[in-house]
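Asker: Curious how this folds, go ahead:
(2 chains)
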There are 2 protein chains.
Amino acid sequence: MMRTPKRLLSGLLREDCFLIATHINPDGDAIGSSLALAEALASLGKKVFLYDRDPVPKYYHFLPGHRKFGTDLKKALKLDPVLILLDCNSPARAALGEVLFRKNLVIDHHETAGEFGDLRWIEKDAAATGILIYTLIHSLGLKITKSMATNLYTAIAVDTGTFRYSNTTNEVLRAAAELVGAGAEPNSIAEHLYETWDYGRFKLFLMVMNTLDKKDGVAIVHVTTDMFSQTGTTAEDTENFANLPRRIDDVNVAVLFRETGSGEWKASLRSKGSANVARVAEQFGGGGHKNAAGFRMKGDLVTVKKTLLKALKKTIV
Amino acid sequence: MMRTPKRLLSGLLREDCFLIATHINPDGDAIGSSLALAEALASLGKKVFLYDRDPVPKYYHFLPGHRKFGTDLKKALKLDPVLILLDCNSPARAALGEVLFRKNLVIDHHETAGEFGDLRWIEKDAAATGILIYTLIHSLGLKITKSMATNLYTAIAVDTGTFRYSNTTNEVLRAAAELVGAGAEPNSIAEHLYETWDYGRFKLFLMVMNTLDKKDGVAIVHVTTDMFSQTGTTAEDTENFANLPRRIDDVNVAVLFRETGSGEWKASLRSKGSANVARVAEQFGGGGHKNAAGFRMKGDLVTVKKTLLKALKKTIV
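Answerer: All right, here's what the predicted structure looks like:
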């Protein structure tokens, strides 16, 4: 059974002003966990700022309180807040490499962990940072409100593929049940997460799937800047595209290569079962989880594909 | 809180031989619930037969005990069993219209219900028949084994879209948590349900999606017998194909028309939120649930599309 470290609890209760910062390109776990923690701390009378370098993606705009996220630090820094790094564990992942805080707390569940932080709570086996915040809110003796429940359920849903990944334990499902009891709406959340494609995104999806290149257990699809302009879509719209090729029975790893426009490709890797793609992503300076990871690479498409295939072959496939 | 009727429990305990029959074209809820109930009754020393007109589809062959399902009644009828109609409530839905049993029990959760049965337990608000069987096994005081857990978790997962549909309550998630505690493996089950497409199915999927016809909140795709032969696939492979067009934001109802080869089309309807497609399917002699229903119609594609669109417009869209 997971427990919130006592020193973390006393640290949170003692301080008055916090900056919650999460990783760049924030996902549902990063955003939902941050919003729920911010609401909990605010209910204790604390001043709380929410920071991300990147704005909250449009498909997370249903999350209660998402407008509290800012992309500017100036106002917060004037009040000399304690930093809470959430869903990541190095300032660089939150684009905070240059900023110094008087105190640094870290709450995360990622496999790849450095040494940063005065107080670190990292649970590598937790399905989502949302599970840690759920535990923390209980430890603080606070009631879970409907908005906290929606944010935490979304956080957990996103990081477990709505209860389809191998990190879905009975504790995860029990937490989800309690969050639904507290007002989270599974159908509405799932519709927001998965069923709000605009028509351009549907067309882009078919275009991308038609690029499938399958070999030795690896399925690669790619998306070019040209496809984006043809369909009026953006990088955000490719979220989870690698999941379809992963369905093919003889595929262990599915990859989406996205052209970023600066001679660089962003790779999103999704694997099945025991194939650990975080290990491969790390070799190229990226990171992530066992079954979902990413990295960036310069070069033409043929070369980056070949380089990745070679690394995959050596490491896992 | 749902309860198993006492008369049903005493009826099950009193009798010695049962035939569990479920609906034609059985889905995960039909098969998983039947297998779990059969195991429970067998553990009490009862003789149990499992019957379906159609064989268990290949993608449900991971379910423990699926080989016990038979498509022949002869052997069972010699022993004069009590009929348990599961996940349907009329003998016709189980292709049993002509057969008479000395006693008929019905356990189901479908909206459309007739009057058949000496003893009927129908919970229209239950997410899955699997939830009824889960409750029943508890009422019988039996321990949930790993194989029962796998069968029941699959039953519930299939009928809730792995916890994405509006029937996902906190009770459903709590039951799922307990089943995982008893040995059900969410990731392995989800991979069996969603991630075992062969390459032909992937190609068929793209082919079918390219037929998209979208108008007035309705998205229609279709699959022809010719597409099946081009990709080496069968009707089974189209399971859940209507889910992708349903994702489009201005689509309320998604339809897959499948050519059956005899001048007939089988329509599978998937809707969002409050749009009740069971109401429409009933008009054409079909049935189902609020957000997932089906029916058959003779005619050329253009005509059947037009007829359905008209009915949808009148009823829900």
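Asker: C-alpha only now, for contacts and for neighbours.
Answerer: Noted.
Asker: hang on, A:Asp198 packs against B:Asp249?
Answerer: Yes - using C-alpha atoms under 8 Å, A:Asp198 is in contact with B:Asp249, at 5.4 Å.
Asker: Against A:Ser34, how distant is the residue lying closest to A:Phe49 once chain neighbours are set aside?
Answerer: By the measure of C-alpha to C-alpha, 6 or more residues apart in numbering or on different chains, the closest residue to A:Phe49 outside its immediate chain neighbours is A:Leu19, 4.6 Å from it. Using C-alpha to C-alpha, to the nearest Å, we find A:Leu19 at a distance of 10 Å from A:Ser34.
Asker: Between those two, which is the more surrounded one?
Answerer: Each of A:Leu19 and A:Ser34 had its neighbours counted (other C-alpha atoms under 10 Å in any protein chain shown), and the higher figure belongs to A:Ser34 (31 against 23).
Asker: how close does the more buried one sit to chain B?
Answerer: For A:Ser34, the distance to chain B equals 23 Å [C-alpha to the nearest C-alpha, to the nearest Å].
Asker: Which pLDDT value belongs to that residue?
Answerer: A:Ser34 carries a pLDDT value of 98.
Asker: give the contact list for it.
Answerer: Residues in contact with A:Ser34 (C-alpha atoms under 8 Å, 6 or more residues apart in numbering or on different chains) are A:20-22, A:50, A:86.
Asker: swap in A:Leu301?
Answerer: Applying C-alpha under 8 Å, 6+ apart, we find A:Leu301 in contact with A:Trp265.
Asker: can you count the residues close to A:Thr234?
Answerer: A:Thr234 has 14 neighbouring residues, counting by other C-alpha under 10 Å.
Asker: Not including adjacent chain positions, what is the nearest residue to it?
Answerer: Counting by C-alpha to C-alpha, 6+ apart, A:Thr234 lies nearest to A:Phe228, which is 5.8 Å off, once chain neighbours are set aside.
Asker: Report the buried residues of the helix or strand hosting the one you found.
Answerer: For A:Phe228, the host element (DSSP states H and E) is helix A:225-231. Within helix A:225-231, the residues scored as buried using 16 or more other C-alpha atoms under 10 Å in any protein chain shown are A:227-228, A:231.
Asker: In strands only, show me the contacts of A:Ser34.
Answerer: Cross-referencing the contacts of A:Ser34 against strands under DSSP state E gives A:20-22, A:50, A:86.
Asker: just curious, which of those is nearest to A:Leu132?
Answerer: Within the ones in strands among the contacts of A:Ser34, the smallest distance to A:Leu132 is 10.1 Å, found for A:Leu86 (C-alpha to C-alpha).
Asker: correct me, but the closest one touches A:Ile20?
Answerer: Yes - between A:Leu86 and A:Ile20 there is a contact at 6.8 Å, judged by C-alpha under 8 Å.
Asker: between these two, which one's more packed in?
Answerer: Applying other C-alpha under 10 Å to A:Leu86 and A:Ile20 shows that A:Leu86 carries more neighbours, namely 28 against 24.
Asker: okay, now the domains of chain A?
Answerer: Domain assignment of chain A by automatic domain parsing yields the ranges A:6-194, A:199-315.
Asker: possible to save those domains as CSV with distance to B:Lys74?
Answerer: Converted to CSV, the domains of chain A look like this (distance: least, C-alpha to C-alpha, whole Å):
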stretch, distance to B:Lys74
domain A:6-194, 40
domain A:199-315, 37
